[in-house]
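Colleague: Here's my sequence, what's the structure:
(one chain, ligands or ions: 1)
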Amino acid sequence: MTDVIQMRGVAKSYQNFQLDHIDLTLPAGEIMGLVGVNGAGKSTTLRILMGLIAPDSGSVNVLGHSLPEQQVEAKRDVGFASEDMRLYKHKNLAWHMNFVQSFFPSWDNRYAQHLAQKFGLPLDQNLKGFSHGQRVKAALLLLLARRPGLLILDEPTTGLDPVARSEVLEELAEVLENENRSVLFSSHNTHDVEQLSDSITFLHDGRVLASEDIESFLEKWRCVRCKGDIDPQALQSSNLAEFRRSGSLINLKLDNYNDSTAAWLQSKGLEVVEVLRMTLEEIFIANVKRGRAQ
Ligand SMILES: Nc1ncnc2c1ncn2[C@@H]1O[C@H](COP(=O)(O)OP(=O)(O)OP(=O)(O)O)[C@@H](O)[C@H]1O
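Modeller: Numbering: from 1, shown residues only. Below you'll find the model as predicted:
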């Protein structure tokens, strides 16, 4: 399988922020969520991939094209949507469809009509009268109908109410399920990512904390409740993300949990009371806490 995105050692410094040697790989046909809190560096990473920002160092390859040298070729087959993508409020959706079609020979008009119907978008109404959710859907339609080989979406669900968010996600999930699409999208929200993605990259403070398929994350992380008294220093391990006393219990958040972990805890004098699976949100927070401590 070929990779549609390869970033190697990409760095970018701003006055108060540093994107720190980012390695990112997206295999063809996969959907990856880039998750991080505000200011983690998600937009900067996506903008570097679109050739909108030049990195200070490192290499970037998109759809087999080296950036920035071959960005014209790369962009032809990439659909990029971000919050600052402007649609013309005084034109209707049909006008926008014609407009995009005139630039992209790959435009699929039947598919565009199908999506307009599916998203419930009127073709003849000026976008001024569209709700925010309708505008997000219109922007997605204009991207998807170009049938790009790679979609890069910067926080596609930001600013949507819960109902519109769930509609956009459901429709996007359905559209993507039926197509062999490669997608990289950013989000603050692990629930959005869980619905859509095959894999997740957690970004924090300009660094990649972890990057894996969702199943692996869910398999490897556990919250372990133990009885006993122990100095946290005695449990120091790169797998321990959190140590918290709660009454007579100790709560541990552990990465790379396996059969030998309980035996290891017992050897430290702890009695394992309960082992719980963690949600992706809990795993994200544990990753951030561990990242801060390192
Ligand atoms: N042109 C710039 N000049 C200086 N600093 C910048 C510039 N662009 C971004 N930054 C800084 O880089 C950091 C990362 O910003 P970025 O927009 O990539 O984060 P993000 O993860 O997308 O955040 P959000 O979720 O809030 O959109 C921020 O601290 C921001 O202030």
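
Colleague: can we go C-alpha only for contacts and neighbour counts from here?
Modeller: Will do.

Colleague: Spell out the residue ranges of the strands in the stretch 51-200 of the chain.
Modeller: Under the criterion DSSP state E, counting those that start in this stretch, the stretch 51-200 of the chain contains strands at 57-62, 65-67, 78-81, 150-154, 182-187, 199-204.

Colleague: weakest of these in terms of mean pLDDT?
Modeller: For these, mean pLDDT drops lowest on strand 78-81, to a mean of 87.

Colleague: any chance of the strands of the stretch 51-200 of the chain in a markdown table, with mean neighbour count too?
Modeller: What follows is the strands of the stretch 51-200 of the chain, written out as a markdown table (neighbours: other CA atoms under 10 Å):
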| stretch | mean neighbour count |
| --- | --- |
| strand 57-62 | 19 |
| strand 65-67 | 18 |
| strand 78-81 | 21 |
| strand 150-154 | 24 |
| strand 182-187 | 24 |
| strand 199-204 | 24 |
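
Colleague: Same list, these, but as TSV with distance to the ligand please.
Modeller: Converted to TSV, those look like this (distance: least, CA to the nearest ligand atom, whole Å):
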stretch	distance to the ligand
strand 57-62	16
strand 65-67	19
strand 78-81	13
strand 150-154	8
strand 182-187	7
strand 199-204	8
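
Colleague: For the ones you listed, could you give me CSV that also reports distance to residue 118?
Modeller: What follows is the strands of the stretch 51-200 of the chain, written out as CSV (distance: least, CA to CA, whole Å):
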stretch, distance to residue 118
strand 57-62, 30
strand 65-67, 34
strand 78-81, 20
strand 150-154, 19
strand 182-187, 20
strand 199-204, 27
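
Colleague: For residue 178, give me the pLDDT.
Modeller: 66.

Colleague: Indicate the residue of the stretch 51-200 of the chain located nearest to the ligand.
Modeller: Taking CA to the nearest ligand atom, the ligand has its nearest neighbour within the stretch 51-200 of the chain at residue 188, 6.4 Å off.

Colleague: Tell me the spacing between that residue and residue 141.
Modeller: 23 Å (CA to CA, to the nearest Å).

Colleague: Quick check: residues of this protein near the ligand?
Modeller: Residues of the chain lying near the ligand by CA under 6 Å from any ligand atom: 14, 15, 17, 36, 37, 38, 39, 40, 41, 42, 43, 44.

Colleague: Taking these, please make a PyMOL selection of just the buried ones.
Modeller: In PyMOL, a selection of the buried entries from the residues of the chain next to the ligand looks like this (16 or more other CA atoms under 10 Å):
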select buried, resi 36+37+40+41+42+43+44
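
Colleague: Which of the residues of the chain next to the ligand fall within strands?
Modeller: 14, 17 (DSSP state E).

Colleague: which of the residues of the chain next to the ligand lies closest to residue 110?
Modeller: residue 43 (32.0 Å; CA to CA).

Colleague: quick one: that closest one and residue 156 touch, right?
Modeller: No - counting by CA atoms under 8 Å, residue 43 stays clear of residue 156, with 11.8 Å between them.

Colleague: Mutual contacts of the two, please.
Modeller: residue 186 (CA atoms under 8 Å, 6 or more residues apart in numbering).

Colleague: Between strand 182-187 and the biggest helix by length in the chain, find me the angle.
Modeller: The longest helix of the chain (DSSP state H) is helix 162-177. Angle of helix 162-177 versus strand 182-187, following axes from the mean of the first three to the mean of the last three CA atoms, to 10 degrees, is 160 degrees.

Colleague: quick one, phi psi at the residue of the stretch 51-200 of the chain closest to the ligand?
Modeller: Here is the backbone geometry of residue 188 (degrees, to the nearest 10): phi -90, psi -10.

Colleague: where does it land on pLDDT?
Modeller: Residue 188 carries a pLDDT value of 86.

Colleague: same check, this time on residue 47
Modeller: 93.

Colleague: next one: whichever strand or helix holds it to chain centre, how far?
Modeller: Following DSSP states H and E, one finds residue 47 within helix 42-49. Mean C-alpha position of helix 42-49 versus that of the full chain (CA atoms, centre = their mean, to the nearest Å) differs by 12 Å.

Colleague: that older thread, for the residues of the chain next to the ligand, could you give me CSV that also reports pLDDT and distance to residue 64?
Modeller: Output for the residues of the chain next to the ligand, formatted as CSV (pLDDT from 0 to 100; distance: CA to CA, whole Å):
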residue, pLDDT, distance to residue 64
14, 96, 28
15, 94, 32
17, 95, 29
36, 91, 27
37, 88, 30
38, 88, 30
39, 92, 29
40, 93, 27
41, 96, 24
42, 95, 22
43, 94, 22
44, 96, 21
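
Colleague: hmm, back to that, count the neighbours of the residue of the stretch 51-200 of the chain closest to the ligand for me.
Modeller: Around residue 188 there are 20 other residues, counting by other CA atoms under 10 Å.
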